[in-house]
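give me the fold of what follows.
(one chain, ligands or ions: 1)
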Amino acid sequence: MKNIHVLFTMAFFVCLFICRVKLLDNGLARKPPMGWMSWGYYRCGVDCDENPGKCLDEYLILSVADTIYNEGYQEAGFEYIIIDDCWSEHERDSHGRLVADRSRFPHGMKYISDYIHAKGLKFGMYTNVADVTCMIYPGSKGYFGIDAMTFAEWGIDYLKVDGCFASESFLNTAYIKFGRYLNKTERPIVYSCSWPFYIQFIHHNKPNYAQISSHCNLWRNYLDIENSWQAVRNTIKFYQNNYPEISKYHGPGQWNDPDMLIFGTGVLTEGQSRLHLAVYAMLSAPLLLSCDMNKLTAYEKKLLLNMDLIAVGQDPLGVMARPYDLPHSITLWVKRHLPMKGDKYYSFSFALVNMETGEATVSFTPGDYGLESVDGYSVMDVFSGKFLDNVTLTNRITVTVPSQDVMMYTLYAL
Ligand code: GLA
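Just a heads-up that it's a prediction; the model follows:
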């Protein structure tokens, strides 16, 4: 009898351990989320009379849904429409619930959610773990349970939880607690955390990625992206330099998040746009646009709807590409992905990235980077969709990469 008791106690603790470790096994975000988020372009768009072109309101969100639905973005995989900071009234209601800004969101958030869902798209929102958000709207501290229920009742599918104005120790408990409250709602809600960014850049400590990745579906590692080439460059450099640490925690259901794409803001050349999207796809990063959807150029749209490129970013294995330094400051990013030939030979994508000014010519042997099929590989130029000459494991390839641009190839095992 005593033995059975001991056994039950042991089983209880083993289960407790496993359940805790597997806390965020919510089955969501098996591929990096794709969609649109308001912050990068619309910021705290509350001055609608003075600045109607940057107004964060119901009309904007519904029209983004319409464009994604009508213009092929949804078919390409863009599905989450996420309202960032500055969506609420400054006061909670008498039940302590958050209230959407009454003039900018006159029908409330459930109305927006229903509109988005009716198009087969998904809806995301934003809060902060502290008393207030980064832009000083009500935060969720002291209200995790109520807010999780409110968001679930509004039918959200994704929640970005920010970490402004929180101490390090609070961040380390709050994100775990908030995640539990989200789970309790029983609504599937992708959980996006800004946790590691605040640990590293505000509290100057090392993020515990093992812990973060067991509680969040995605997490911001680095500074907010700005609408400039320099910001894209710095962001990519961060992922390149931190590859050994952060790639370990990256994969289906748990993603490093380099922040939004800056397409549609008019600041990138065609080459820089190619580079931006190619590296994000190679990283298996979330692909979240943040722009006036009407301002995407024809060329940007073509890139966003290039299914050979999107397929690399949305590959089910979710491997983060590995960077290698080649001569002339070229970085060769290499990513293993599907489809496979039989159960043995993976496909690979190679992106030769030139973030400097001036073109550079480099040579490399694809066979040195994990390829194994002795029958060789077919080679597709991802931007033109054209097939080039096949390669064997020993062929050396010479490529000229234009200034601040990328050449990208997908190799399929023969
Ligand atoms: C922080 C986040 C941004 C955005 C703003 C909103 O800066 O990192 O992505 O959410 O807050 O205030």
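
now do the contacts for the residue of the stretch 251-400 of the chain found nearest the ligand.
The ligand sits closest to Asp259 of the stretch 251-400 of the chain, with a gap of 6.5 Å, by CB to the nearest ligand atom. The C-beta positions use only the backbone N, C-alpha and C, and glycine is treated the same way. With contacts defined as CB atoms under 8 Å, 6 or more residues apart in numbering, the neighbours of Asp259 are Gly40, Arg220, Tyr222, Leu223, Asp224, Ile225, Thr235, Leu288.

Three-state assignment for the fifth one, please.
For Asp224, the reduced secondary structure class is coil; criterion used: DSSP: H, G, I helix; E, B strand; the rest coil.

spatially central residue in this structure, please.
For the chain, the residue nearest the mean C-alpha position is Pro286 (2.3 Å; CA atoms, centre = their mean).

and that one, its phi and psi?
phi -60, psi 140 (degrees, to the nearest 10).

repeat for Met34
Torsion angles, degrees, to the nearest 10, at Met34: phi -130, psi 140.

surely it meets Leu288?
Yes. If you go by CB atoms under 8 Å, Met34 and Leu288 touch, sitting 7.1 Å apart.

tell me the residues that contact both of the two, please.
Tyr80.

neighbour count: those two, which is higher?
Leu288 (27 against 23; other CB atoms under 10 Å).

how about the secondary structure of the more buried one?
Assignment for Leu288 (three-state DSSP): strand.

Arg97 - how many residues pack around it?
For Arg97, the count of nearby residues is 13 (other CB under 10 Å).

now the one 3 residues further on
Residues within reach of Ala100, counting by other CB under 10 Å, total 21.

could you do Cys164 as well?
Neighbours of Cys164 under the rule other CB under 10 Å: 18.

give me the nearest residue to it, chain neighbours excluded.
Cys134 (3.9 Å; CB to CB, 6 or more residues apart in numbering).

distance of that neighbour relative to Ser214?
From Cys134 across to Ser214, the span is 25 Å (CB to CB, to the nearest Å).

tell me the contacts of Glu58?
Applying CB under 8 Å, 6+ apart, the residues near Glu58 are Arg104, Phe105, Pro106, His107, Tyr111, Ile112.

now those: which count as buried?
Among those, the ones that count as buried by 16 or more other CB atoms under 10 Å are Arg104, Phe105, Ile112.

which of the residues you listed lies closest to Leu60?
Arg104 (8.9 Å; CB to CB).

next, that closest one: phi, psi?
Dihedral angles (degrees, to the nearest 10) for Arg104: phi -80, psi -30.

that one and Pro52 touch, don't they?
No. Counting by CB under 8 Å, Arg104 stays clear of Pro52, with 11.7 Å between them.

got phi/psi on the residue nearest to Cys164?
Main-chain torsions, Cys134, degrees, to the nearest 10: phi -60, psi -30.

okay, now it: neighbour count?
20.

surely it meets Asp162?
Yes. If you go by CB under 8 Å, Cys134 and Asp162 touch, sitting 5.7 Å apart.

list residues touching both of these two?
Common neighbours of Cys134 and Asp162 (CB under 8 Å, 6+ apart) are Asp85, Asn128.

contact residues of this structure facing the ligand?
Trp39, Asp84, Asp85, Thr133, Cys134, Met135, Asp162, Ser194, Asp224 (CB under 6 Å from any ligand atom).

contacting residues for the third one?
Spelled out, that is Asp85. Trp39, Cys44, Tyr126, Asn128, Thr133, Cys134, Met135, Tyr137, Asp162.

and if we set it to 7 Å?
Trp39, Cys44, Tyr126, Thr133, Cys134, Met135, Tyr137 (CB atoms under 7 Å, 6 or more residues apart in numbering).

now do the contacts for the residue nearest to Cys164.
Here Cys134 is in contact with Asp85, Asn128, Asp162, Cys164 (CB under 7 Å, 6+ apart).

okay, those residues in a markdown table with secondary structure and pLDDT next?
Formatted as a markdown table, those follow (DSSP: H, G, I helix; E, B strand; the rest coil; pLDDT from 0 to 100):
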| residue | secondary structure | pLDDT |
| --- | --- | --- |
| Asp85 | coil | 98 |
| Asn128 | strand | 98 |
| Asp162 | strand | 98 |
| Cys164 | coil | 98 |
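
and the two most separated of these?
It's Asp85 and Cys164 that sit farthest apart of the contacts of Cys134, by CB to CB, at 9.2 Å.

what's the closest non-adjacent residue to Gly376?
Once flanking residues are discounted, Gly376 sits nearest to Thr392: 4.4 Å by CB to CB, 6+ apart.

please work out how many residues are found near the one you found.
15.

same deal with the one 5 residues further on?
By other CB under 10 Å, the residues close to Ile397 number 17.

pLDDT at it, what is it?
pLDDT for Ile397: 95.

list the residues that contact it.
Contacts of Ile397 (CB under 7 Å, 6+ apart): Ser363, Phe364, Pro366, Val391.
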